[in-house]
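K.L.:
this one's sequence-less:
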């Protein structure tokens, strides 16, 4: 009893610090629930399934561009994997999406210092005229400088040199990525031939960073756009500094774009006793440069392994645990939108949703996104996860990209926040490969997710509803 | 006086430990020489010239493949740079060499796990038939295993998966590189379609490592040969492990090869009072994947800056200091051979030779390669360099690749050994770029080389002669 009082006092102190509602008392778990949650953590820390799943996906399938044959093979792989691991109602829910892929991507300084530059086309970049375009480079230190400039950019190649801050929580990405989704539009508006951006990434290696260049991904970007590796952005900036004349660069991008390609979400379940649904997952597709190990093979592997541990418990869970290997996340959350549309009628049965999609680093924080009256329930998750060196977060969880439509529809979410310190060294680059994953960090993730999925399924009462929001896009 | 006795005792102890001749007494420097050597070190530690030279070379010229237009531009750059810095008798000594360059390099796993593999063609690799070849992969853990095997390799693709040890002194390279210079010959002997080797490098990034695949570089290699990045070698090894059937890989290499291309050594001098010559340099050419910052722009920059500091001293040096920016080192020491041939008549006037060609890391050891009766002179260099955290080495110096013909002709050499701990993360890969160079480490190099060049020029008496050797190649 004393312990409970001390814990409650500590919890209240934490809540005061981080701005949690203080007036709610966290619910108690039954002794049996306590015991099971702790055992799941122990099992997760010794789990090999996630590593095996990740090895299999990245080796046997490799890169999995949305709408590609490889993504289709990955779906078949996913169905087989979920069935073999004992999931029920395993199925693919297909949908259509526009398909984009790179065919040629080349850039060179033509004069005065002729040499190749290492680039990669941004997703949805249109092709340049065959053979490419050549123009003088105009450099802007930041996107804001480009937006504020009234320079004549007709027939120029715009170079947005803005760097990205390395942060644990990935917040540097949100700032730096704006140039990627804005630059092609500005180039078209200003009559530029194309755009080169410094990679939206922190890698000091010669790997450019791809990613969508138009929001939503339903159309081609308005101008050819590519990213330079950080080393090559340095090089181009130096060339501009050392040259006494304009620096002419050629840019040749050839890409393929067509409507009506097929993708799909792979779904497997652990059927529950009630009609309430807990949705957890990772996305199955990846960019084409790496093998999608950290983005997001790791998420698929972690969730699959964690849910399997819960599925292996005796008896049915209270709520249905629905594992989703989301399709076509990278080019515009196509799978997420398709799912929300297809399951519109049962969205009110969705009581919890979360995605693992921030690599394979250790989880350092449990963040909730629960509705009014249920916020205190986060403390139960946070208490259970504490031995994994996971701290308490606020109630502003994002929940992961693919649960966005669910969150906007009011479904409560949670964020098991992974360290992103090194994530953007690898993300969307050729360097996103299995050898970068630390198997022990993967196990810490499985442990945390197994306990989380279990609590989300078993905890008494729901997690409230979020105020519904309009899709901003 | 006491200090001298203590120093001598310490020196003797060191000599006993490392096997130096103990019976020679190191010569004394004059007070003036002591003062100048120390001042050169101070100046070197504040030197900006090396950084400026390196920035200029890597930015304005970029990659400099032996025999290419870019290498020709680099020679003109070198002439201009040496003249601007006050060197005399600046000239280009041209020679002919075979030219090789990559045009296409592609590899894919065709079945059962279709996906691209990241490779780079090895230097001197011949082309595959147009469109490439496809064959089942046969993996060998080491070169020794391949050599010992009597498996039928007809129409197979050989995969030599041997890794490389990370070492400070670069000794891991000497072991691992054997597969690069042997594999193509074995493939041809055994009727294989081609060879894939794990990169001869320690990078964990997705950068394959190029380099010559035939000794001497005068001819094409006997079979198409390419290196997989370490990540891709891991991937191919895993695919072989997970597949229940042979792993079919396609390999398409198209390369250009022609005799009679032009390269040259760029030479500048600080004329001395006597006809004795001290040769120092770095090589101007580089592989094509990076911009040749650490291999060997750094060596060129370090030596140029260090010699300039010596050249700025009042009065002529005793010996002529000859700075050589060697040409066409990478494809077979073509510049080194051409120089030895062209200067055959004055080789006996060469009293000291050394090259900086191991990147931009800090120097940790001064190693001599002096003749009988002159070995104790190394102790003077070692004493002077001690404040730079440079320790004494033995008398088995290699001296650098481009002084090999000189060393074999009896010219004494020295090795200012740089830390190679990270060198093979970058060497011969796209990652060999300026941003990897630490300007402070570059300054430590300039300081050590300035003192070394000064002592080599001014020290009383010569450094002996080495027993001449036949060229082993």
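P.N.:
Nice, I can see it. What you see is a predicted model; the values in this text were computed from it and never measured.
K.L.:
quick one: the spatially closest residue to residue A:299 that is not a sequence neighbour from residue A:329, how far?
P.N.:
Closest residue to residue A:299 apart from its sequence neighbours, by C-beta to C-beta, 6 or more residues apart in numbering or on different chains: residue A:282 at 2.5 Å. In short, each C-beta sits where N, CA and C put it, glycine included. Computed with C-beta to C-beta, to the nearest Å, the distance linking residue A:282 and residue A:329 is 9 Å.
K.L.:
Then residue A:71?
P.N.:
Plainly put, residue A:71 is 11 Å away from residue A:329 if you go by C-beta to C-beta.
K.L.:
ditto for residue A:217
P.N.:
Noted for residue A:217: a distance of 10 Å to residue A:329, by C-beta to C-beta.
K.L.:
cool, residue A:25 as well?
P.N.:
Relative to residue A:329, residue A:25 is positioned 38 Å away (C-beta to C-beta).
K.L.:
domain parsing for chain A?
P.N.:
A:2-98+A:260-458, A:100-257 (automatic domain parsing).
K.L.:
In a markdown table, list the ones you listed along with distance to residue B:140.
P.N.:
Formatted as a markdown table, these follow (distance: least, C-beta to C-beta, whole Å):
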| stretch | distance to residue B:140 |
| --- | --- |
| domain A:2-98+A:260-458 | 20 |
| domain A:100-257 | 29 |
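K.L.:
As JSON lines, those with mean neighbour count would be great.
P.N.:
Shown next, in JSON lines, are the domains of chain A (neighbours: other C-beta atoms under 10 Å in any protein chain shown):
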{"stretch": "domain A:2-98+A:260-458", "mean neighbour count": "21"}
{"stretch": "domain A:100-257", "mean neighbour count": "20"}
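K.L.:
for chain B, what are the nearby residues on chain A?
P.N.:
Taking C-beta under 8 Å from any C-beta of the partner chain as the contact definition, chain A meets chain B at A:55-56, A:58-63, A:70, A:109, A:112-116, A:118, A:204-207, A:230-231, A:234-235, A:238-239, A:242, A:290-291, A:429-431, A:433-436.
K.L.:
Pass me the low-pLDDT residue ranges in chain A, would you?
P.N.:
Applying pLDDT under 70 to chain A flags the ranges A:1-24, A:470-473.
K.L.:
need the strands for it, in chain order.
P.N.:
With strands called from DSSP state E, chain A shows them at A:88-111, A:115-117, A:119-121, A:133-140, A:157-160, A:194-198, A:225-228, A:248-270, A:277-283, A:320-326, A:350-355, A:363-369, A:391-392, A:413-418.
K.L.:
the inter-axis angle of the last one versus strand A:277-283?
P.N.:
Right, the one you point to is strand A:413-418. Per axes from the mean of the first three to the mean of the last three C-alpha atoms, to 10 degrees, the angle that strand A:413-418 makes with strand A:277-283 is 40 degrees.
K.L.:
just how off-centre is strand A:413-418 within its chain?
P.N.:
Distance, stretch centre to chain centre, for strand A:413-418: 12 Å (C-alpha atoms, centre = their mean, to the nearest Å).
K.L.:
try the second one
P.N.:
In this view, strand A:115-117 has its centroid 31 Å away from the chain centroid, taken as C-alpha atoms, centre = their mean.
K.L.:
Which neighbouring elements make contact with it?
P.N.:
With contacts taken as 3 or more C-beta pairs under 8 Å, 6 or more residues apart in numbering or on different chains; DSSP states H and E, strand A:115-117 sits against strand A:88-111, helix A:230-242.
K.L.:
next one: the longest one
P.N.:
Contact here means 3+ C-beta pairs under 8 Å, 6+ apart; on that basis strand A:88-111 packs against helix A:69-84, strand A:115-117, strand A:119-121, strand A:225-228, strand A:248-270, helix A:334-342.
K.L.:
Please apply the same query to the last one.
P.N.:
For strand A:413-418, the elements it packs on are strand A:350-355, strand A:363-369, helix A:439-458, judged by 3+ C-beta pairs under 8 Å, 6+ apart.
K.L.:
cool, and the fourth one?
P.N.:
Here strand A:133-140 is seen to pack against strand A:157-160, strand A:194-198, helix A:230-242, strand A:248-270 when contacts are counted using 3+ C-beta pairs under 8 Å, 6+ apart.
K.L.:
so residue A:213 touches residue A:125, yeah?
P.N.:
Yes - assessed by C-beta atoms under 8 Å, residue A:213 is found in contact with residue A:125 at 5.8 Å.
K.L.:
Could you name every residue contacting both of those two?
P.N.:
A:184, A:221, A:225 (C-beta atoms under 8 Å, 6 or more residues apart in numbering or on different chains).
K.L.:
Now the common contact residues for residue A:71 and residue A:329.
P.N.:
Contact with both residue A:71 and residue A:329 is made by residues residue A:285, according to C-beta under 8 Å, 6+ apart.
K.L.:
if we can go back for a sec, overlap of the contact sets of residue A:282 and residue A:329?
P.N.:
Joint contacts of residue A:282 and residue A:329 (C-beta under 8 Å, 6+ apart) are A:296, A:357.
K.L.:
for the closest residue to residue A:444 other than its chain neighbours, phi and psi?
P.N.:
In space, and not counting its chain neighbours, residue A:444 is closest to residue A:362: 5.1 Å by C-beta to C-beta, 6+ apart. Backbone geometry at residue A:362, expressed as degrees, to the nearest 10, gives phi -70, psi 150.
K.L.:
cool, and residue A:150?
P.N.:
Main-chain torsions, residue A:150, degrees, to the nearest 10: phi -120, psi 20.
K.L.:
For residue B:253, see how far away it is.
P.N.:
Taken as C-beta to C-beta, the span from residue A:150 to residue B:253 is 50 Å.
K.L.:
same check, this time on residue A:386
P.N.:
Here residue A:386 is placed at a distance of 56 Å from residue B:253 (C-beta to C-beta).
K.L.:
cool, residue A:224 as well?
P.N.:
29 Å.
K.L.:
same thing with residue A:378?
P.N.:
Distance from residue A:378 to residue B:253, by C-beta to C-beta: 57 Å.
K.L.:
What's opposite the closest residue to residue A:125 other than its chain neighbours in the beta bridge?
P.N.:
Excluding the flanking residues, the one nearest residue A:125 by C-beta to C-beta, 6+ apart is residue A:225, at 4.8 Å. Applying DSSP bridges to residue A:225 yields these beta-bridge partners: residue A:195.
K.L.:
need the contact list for residue A:235.
P.N.:
Contacts of residue A:235 (C-beta under 8 Å, 6+ apart): A:117, B:58, B:59, B:62, B:291, B:433, B:434.
K.L.:
and these, which of them are in helices?
P.N.:
The members of the contacts of residue A:235 all map outside helices under DSSP state H.
K.L.:
Closest one to residue B:260 out of those, please.
P.N.:
Using C-beta to C-beta, residue B:62 comes nearest to residue B:260 of the contacts of residue A:235, at 24.4 Å.
K.L.:
Can you tell me the closest non-neighbouring residue to the closest one?
P.N.:
For residue B:62, ignoring the flanking residues on the chain, the nearest one in space by C-beta to C-beta, 6+ apart is residue A:115 at 3.2 Å.
K.L.:
what do you get for residue A:392?
P.N.:
Of all residues not flanking residue A:392 in the chain, residue A:382 sits nearest, at 4.2 Å (C-beta to C-beta, 6+ apart).
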